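**Student:** Below are the sequence and a predicted model for it; my questions follow.
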Amino acid sequence: MTTEKLGMTALVEDLNKRLAEVKLGGGQKRIDAHHKKGKLTARERVDYLIDKGSDFVEIGAFVGDGMYAEEGGCPSGGVVCGIGRVEGRLVMIVANDATVKAGAWFPITAKKNLRAQEIAIENRLPVVYLVDSAGVFLPMQAEVFPDKEHFGRLFRNNAVMSSMGIVQVAAIMGSCVAGGAYLPIMSDEALIVEGTGSVFLAGSYLVKSAIGEDVDNETLGGATTHSEISGVTDYKCPDDQTCLDTIRSIFGKMGSNTLAGYNRIEPLAPKLDPQDIYDILPVDRTKPYDMYDIISRLVDDGAFDEYKALYGKSLITGYARIDGWAVGIVANQRKMVKSKKGEMQMGGVIYSDSADKAARFIMNCNQKKIPLVFLQDVTGFMVGSRSEHGGIIKDGAKMVNAVANSVVPKFTVVIGNSYGAGNYAMCGKAYDPRLIVAWPTAQMAVMSGAAAAKTLLQIQVATMQAKGKEVSPEVEHELLTRITNSYNEQLSPYYAASRLWVDSIIDPLETRKVISTGIEAANNAPIERPFNMGVLQV
């Protein structure tokens with residue numbers, strides 16, 4: 001086994017270990033307590049709801065990773081989100097995990113819920129909310145409650161999605177308190193589980209302190225109250241399983257949407273074994289490799305129709321199929337290549353000619369209604385006097401403009417480096433990819449760890465010297481080590497995933513499945529505006 005394969009295998013094993021820990025939510029004791037109440041956990045509810053044998057593309061499994069340690073942590077942000085298949089239809093599922101702080105909303109919980117709604121809106125996906133939450137985590141309410149992208153935006157989105165014809169079904173399977181009570185009731189249909197589900201603007205203790213009324217929570221807002229007296233809920237279910245079966249029945253009777261019409265034929269497996277990626281991709285992010293070797297193991301039958309193959313070689317552009325879907329691929333070439341002038345170009349760097357080529361290719365994909373897949377391993381745009389005199393800023397801006405204004409669905413896979421403006425040009429999170437995922441080898445930052453550490457060291461040393469302090473080689477080495485360690489922690493894909501800069505960290509072998517599911521989801525949303533580049537310097 002090669003060094004590369006050993007390294008990638010270790011990274012994937014670490015990924016799977018971390019995922020297993022995350023899936024325990026608040027821990028086994030709380031899972032057991034959940035079961036004693038006759039309730040399924042959030043993940044058990046999702047598994048029961050989706051079609052048997054179908055895939056669930058999870059969004060944000062590592063959200064909250066390493067955050068809120070002083071509060072006991074918040075695995076997965078206290079909510080399970082993802083795209084699953086219910087009665088053959090792709091659906092966005094959002095399930096509160098009540099084993100994590102009773103499903104309370106941390107700041108990152110709100111961000112994750114809003115991302116799930118954003119994906120649903122972009123792709124016109126129906127939404128299922130499996131509600132079991134104590135509401136806002138009060139010690140951090142100032143970071144969850146009042147701002148535009150906070151808790152209240154969720155209910156605003158409920159209303160907007162309903163007006164767009166996006167079906168929303170909510171099941172009250174536990175607590176549903178205060179502002180959170182609006183979410184299920186602003187959905188198209190609401191179900192409630194008898195004995196465990198409850199929904200009210202204020203619980204019994206707050207009612208007692210506010211108006212002096214003595215009332216228990218079940219009488220105040222339980223299943224019988226809302227199904228027989230208030231009429232707030234539409235279905236009363238005796239247990240979790242019946243509730244989920246009812247949701248499946250609802251979706252089984254829904255009509256079909258108008259499709260966007262992205263081209264798909266019978267899928268073919270890659271000609272070369274995708275498992276070879278473990279051997280091809282160096283774990284050391286400074287080592288070169290041939291991106292064609294990666295592409296040939298991701299696309300159907302290895303077939304790749306390259307666009308401008310002899311021009312702008314530091315970027316690879318071309319047409320292929322992934323799981324039968326026609327796609328346009330834009331990928332960074334990581335090995336040294338020879339330019340049209342016979343000069344050697346560094347791998348992973350975007351040059352003027354490659355930026356120009358990519359912009360033209362993106363325009364063509366929009367013209368032909370072909371979804372775009374970006375394979376990122378980019379260190380940035382080329383710098384230096386020759387590049388500046390050649391108009392690298394202008395050509396880079398043209399590529400960024402094309403990415404920003406693209407109307408076909410975009411999907412981004414961060415394979416390795418994702419540095420500086422290269423992140424933007426290769427469709428980073430700010431450029432609205434329908435899904436953005438990372439391999440365990442990914443690194444995201446303004447610049448590489450080594451370059452950033454040296455720059456930050458120079459700034460710190462200069463500051464100390466300006467104050468009259470002597471900086472010995474030993475002190476300088478200690479500073480460099482500390483800065484490097486801190487910066488490298490932020491380069492980690494888990495750091496990015498915890499903050500939802502990427503939707504998921506995936507095994508490279510899952511890439512085809514994620515992209516295929518993403519395009520199928522996007523096919524539910526016809527393009528509503530023409531492609532237009534606006535004004536740019538050419």
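**Tutor:** Received the coordinates, thanks. Because the structure is predicted, anything quoted here is derived from the model rather than measured.

**Student:** is it true that residue 57 touches residue 82?
**Tutor:** Yes. Counting by Cβ atoms under 8 Å, residue 57 touches residue 82, with 5.4 Å between them. Heads up, the C-betas are built off the backbone N, CA and C, glycines and all.

**Student:** Now do the helices in the stretch 101-250 of the chain.
**Tutor:** Ranges of helices in the stretch 101-250 of the chain, per DSSP state H, counting those that start in this stretch, are 107-123, 151-163, 182-185, 204-211, 217-221, 223-224, 240-252.

**Student:** of those, which approaches residue 300 most closely?
**Tutor:** Closest of those to residue 300 is helix 107-123, at 22.5 Å (criterion: Cβ to Cβ).

**Student:** Show me the shaky parts of the protein.
**Tutor:** Counting by pLDDT under 70, the chain contains low-confidence residues at 1-5, 138, 179, 205, 383, 389-390, 447-453, 536-538.

**Student:** Tell me if I am right that residue 316 is in a strand.
**Tutor:** Yes. Counting by DSSP: H, G, I helix; E, B strand; the rest coil, one finds residue 316 located in a strand.

**Student:** ok, it touching residue 293?
**Tutor:** No. Applying Cβ under 8 Å, one finds residue 316 not in contact with residue 293, separated by 11.2 Å.

**Student:** Have a look at those two and say which one is more surrounded.
**Tutor:** Taking neighbours as other Cβ atoms under 10 Å, residue 316 and residue 293 compare with residue 316 leading, 27 against 16.

**Student:** Please list all residues in contact with that one.
**Tutor:** 291-292, 295, 306, 329-333 (Cβ atoms under 8 Å, 6 or more residues apart in numbering).

**Student:** Now the buried members of those residues.
**Tutor:** 291, 295, 329-333 (16 or more other Cβ atoms under 10 Å).

**Student:** mind listing which of those are in helices?
**Tutor:** Counting by DSSP state H, the buried ones among the contacts of residue 316 place 291, 295 in helices.

**Student:** Show me which of the buried ones among the contacts of residue 316 is closest to residue 146.
**Tutor:** Top of the list for closeness to residue 146, among the buried ones among the contacts of residue 316 and by Cβ to Cβ, is residue 330 at 39.8 Å.

**Student:** Wait, the closest one touches residue 362, no?
**Tutor:** Yes. Here residue 330 lies in contact with residue 362, judged by Cβ under 8 Å, at a distance of 7.1 Å.

**Student:** As JSON lines, the buried ones among the contacts of residue 316 with distance to residue 468 would be great.
**Tutor:** JSON lines is the format used below for the buried ones among the contacts of residue 316 (distance: Cβ to Cβ, whole Å):
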{"residue": "291", "distance to residue 468": "51"}
{"residue": "295", "distance to residue 468": "56"}
{"residue": "329", "distance to residue 468": "56"}
{"residue": "330", "distance to residue 468": "52"}
{"residue": "331", "distance to residue 468": "51"}
{"residue": "332", "distance to residue 468": "46"}
{"residue": "333", "distance to residue 468": "49"}
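
**Student:** With residue 368 as the reference, measure out to the residue nearest to residue 180 when sequence neighbours are not counted.
**Tutor:** Leaving aside its sequence neighbours, residue 180 sits nearest to residue 135 (Cβ to Cβ, 6 or more residues apart in numbering; 4.8 Å). Distance of residue 135 to residue 368, given as Cβ to Cβ, to the nearest Å: 48 Å.

**Student:** just residue 160 next, same as before
**Tutor:** Distance of residue 160 to residue 368, computed by Cβ to Cβ: 31 Å.

**Student:** ok, now residue 491?
**Tutor:** On the measure of Cβ to Cβ, residue 491 and residue 368 end up 37 Å apart.

**Student:** State the number of residues packed around residue 430.
**Tutor:** Counted by other Cβ under 10 Å, the residues lying close to residue 430 total 11.

**Student:** Let me see the contact set for it.
**Tutor:** Shown in contact with residue 430 (Cβ under 8 Å, 6+ apart): residue 424.

**Student:** So residue 55 sits against residue 517, correct?
**Tutor:** Yes. Assessed by Cβ under 8 Å, residue 55 is found in contact with residue 517 at 6.8 Å.

**Student:** related to what we said a few turns ago, list residues touching both of residue 330 and residue 362?
**Tutor:** By Cβ under 8 Å, 6+ apart, the residues touching both residue 330 and residue 362 are residue 372.

**Student:** Make sure residue 262 is actually in contact with residue 518.
**Tutor:** No. Checked against Cβ under 8 Å, the pair residue 262 and residue 518 is beyond contact range at 10.8 Å.

**Student:** In terms of neighbours, single out the busier of the two.
**Tutor:** Between residue 262 and residue 518, counting by other Cβ under 10 Å, residue 518 is the more crowded of the two (28 against 18).

**Student:** partners of the spatially closest residue to that one that is not a sequence neighbour in the sheet?
**Tutor:** In space, and not counting its chain neighbours, residue 518 is closest to residue 435: 4.5 Å by Cβ to Cβ, 6+ apart. Following DSSP bridges, residue 435 is listed with bridge partners residue 411.

**Student:** Over to residue 127?
**Tutor:** residue 92, residue 168.

**Student:** Please name the residues that touch it.
**Tutor:** Going by Cβ under 8 Å, 6+ apart, residue 127 touches 91-94, 116-117, 120, 161, 166-169, 187.

**Student:** how near is it to residue 64?
**Tutor:** According to Cβ to Cβ, residue 127 and residue 64 sit 21 Å apart.

**Student:** Same check on residue 256?
**Tutor:** Taken as Cβ to Cβ, the span from residue 256 to residue 64 is 37 Å.

**Student:** Check residue 291 too.
**Tutor:** Residue 291 is 33 Å from residue 64, by Cβ to Cβ.

**Student:** correct me, but residue 100 touches residue 71?
**Tutor:** No. Proximity of residue 100 to residue 71 does not meet the contact threshold set by Cβ under 8 Å, at 10.5 Å.

**Student:** okay, the two: which has more neighbours?
**Tutor:** Between residue 100 and residue 71, counted using other Cβ under 10 Å, residue 100 has the larger neighbour count: 26 against 13.

**Student:** how far away is residue 9 from residue 411?
**Tutor:** Note on residue 9: its distance to residue 411, by Cβ to Cβ, is 25 Å.

**Student:** Residue 331 now?
**Tutor:** 12 Å.

**Student:** Which neighbours do the two have in common?
**Tutor:** Shared contacts of residue 331 and residue 411 (Cβ under 8 Å, 6+ apart): residue 374.

**Student:** who has more neighbours, residue 135 and residue 368?
**Tutor:** residue 135 (20 against 12).

**Student:** so how far is residue 478 from that one?
**Tutor:** From residue 135 across to residue 478, the span is 47 Å (Cβ to Cβ).

**Student:** likewise residue 23?
**Tutor:** Look at residue 23 and residue 478: by Cβ to Cβ, they are 40 Å apart.

**Student:** what separates the nearest residue to residue 310 once chain neighbours are set aside from residue 401, distance-wise?
**Tutor:** What sits nearest to residue 310 in space, not counting adjacent residues and going by Cβ to Cβ, 6+ apart, is residue 340, at 7.6 Å. Per Cβ to Cβ, residue 340 is found 23 Å from residue 401.

**Student:** Counting neighbours, go ahead and name the busier of those two.
**Tutor:** Using other Cβ under 10 Å, the more surrounded residue of residue 340 and residue 401 is residue 401, with 19 against 10.

**Student:** doesn't residue 533 make contact with the more buried one?
**Tutor:** Yes. Proximity of residue 401 to residue 533 meets the contact threshold set by Cβ under 8 Å, at 5.7 Å.

**Student:** If you count surrounding residues, which of residue 9 and residue 411 has more?
**Tutor:** Using other Cβ under 10 Å as the criterion, residue 9 and residue 411 rank with residue 411 on top: 24 against 14.
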